[in-house]
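Trainee: For reference, the sequence and a predicted model appear below.
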Amino acid sequence: MRASDEAFVRLLEDRYAGFASETTDVDYEFVVDLVAPGRHITAAEPASYVQDARDSAARLIGLVNDLLDVSRLERGKLVAAPQEVRLEALTRHVLDEMSVLLQEKGHRLSIDVDGDEKLPPIMADPQLLRQAILNLVSNAVKYTPPRGEIAIRMGREGSAARWSIHDTGIGVPDHSQGRLFEKFYRAENALAIETEGTGLGLYLARLIMEQLGGRVWCESAEGCGATFTLTMPLGSEIDGTH
C-alpha cells in the first residue's frame, strides 16, 4: 500500500473514531437516563435519543463518502459520465433536497436566469455537478443566520455557463479567502458557529469543477455575506478519464 493510501486509511480511522465516540456518548447518556433513580421518562424522549444516534450515523456516512470521493478524484479514479444537463433543472432538484433545512432556517430564496432565452444545456456528469452545487447551497444555508437571503443566478458568459449563489451570511475573512478551497480548511468565523463541518465541501467542489473542465471561486468580505461562482463550458465534451 502506498504511503498516501496508508495516510488516507489512518485519516478514515481517526475520523471514524471521533464519530463513533460521539455516537457512543449518545447511547451511554440514553442508558444512564433510563436507569437513573426516580427518572420519569416521557413518551417523546426515547425517540429523541434515537434521532440523535441517527444524526450521528448520517454525519459519519457523509464524511466517509466525501473522503472516498476526494480520494478517487485526487487519484484520477473517479470516471465522469458526461451527458446533456439543464443547469436550472438540476439546481431546482438540489433545492428540493435542501427544502427542509431552508424552511427550518426561514431563509428567503430567489432564482434568476439571465436573458429571455433558456440557458443552453451543458455537457457534464450530472451526479458530480449535482454534488458541487449541493455543497455550495449547503454552505450558504448553514452559514447564513436565520431569516437570511440566498440568491441563485444563472446565465451565459461567452462560451461558458455561469452559476452563482449569494448569501447574507457571515462572510469570509480576507486572510482566509486564499485557503478556502483547501482540504479540511475552515475559516475561524465558520468554526465559531458551526462545529460539525469537515472542511471537505468546498475542496470537493473545486476538485469536481476541475474534473468537469470548469472552475469555482468566492468573493466575500467578513460580515457581508459571500458569493460563490462556478463556470463551465457550454456544450463541451468532457474527458472523464483524466
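Mentor: Thanks, I have the structure now.

Trainee: Would you state the helices of this structure in chain order?
Mentor: 3-35, 45-74, 87-97, 99-105, 126-142, 188-193, 201-211 (DSSP state H).

Trainee: Of the ones you listed, which shows the lowest average pLDDT?
Mentor: Sorting the helices of the chain by mean pLDDT places helix 3-35 lowest, at a mean of 49.

Trainee: residues contacting the spatially closest residue to Gly214 that is not a sequence neighbour?
Mentor: Nearest non-adjacent residue to Gly214, counting by CB to CB, 6 or more residues apart in numbering: Met232, 3.8 Å away. From N, CA and C alone the C-beta is placed, and that goes for glycine too. By CB atoms under 8 Å, 6 or more residues apart in numbering, the contact list for Met232 reads Ile122, Ala124, Leu129, Ala160, Ala161, Trp163, Met209, Leu212, Gly213, Gly214.

Trainee: So for Met232, what's the pLDDT?
Mentor: 93.

Trainee: Arg215 now?
Mentor: As summarised for this prediction, Arg215 has a pLDDT of 95.

Trainee: Count residues in the vicinity of it, would you?
Mentor: Using other CB atoms under 10 Å, Arg215 has 13 neighbouring residues.

Trainee: Against His175, how distant is it?
Mentor: As judged by CB to CB, to the nearest Å, Arg215 and His175 stand 22 Å apart.

Trainee: who touches Thr231 in this structure?
Mentor: Glu157, Ala160, Ala161, Arg162, Trp163, Gly214, Arg215.

Trainee: Is His107 in contact with Ala151, as I believe?
Mentor: No. Contact criterion CB atoms under 8 Å: His107 and Ala151 do not qualify, at 10.3 Å.

Trainee: These two: which is more packed in?
Mentor: His107 (21 against 17).

Trainee: Tell me the backbone dihedrals of that one, please.
Mentor: phi -70, psi 150 (degrees, to the nearest 10).

Trainee: Quickly list what the residue nearest to Gly214 is bridged to.
Mentor: For Met232, the residues forming beta bridges with it (DSSP bridges) are Ala161.

Trainee: And it, how far from Gln127?
Mentor: 15 Å.

Trainee: same deal with Gly214?
Mentor: Gly214 is 15 Å from Gln127, by CB to CB.

Trainee: Same check on Tyr185?
Mentor: From Tyr185 to Gln127 the distance is 25 Å (CB to CB).

Trainee: So between the two, which is more surrounded?
Mentor: Between Tyr185 and Gln127, Tyr185 has the larger neighbour count (other CB under 10 Å), namely 15 against 10.

Trainee: Contact partners for that one?
Mentor: With CB under 8 Å, 6+ apart, Tyr185 has these contacts: Ser176, Arg179, Gly199, Tyr203.
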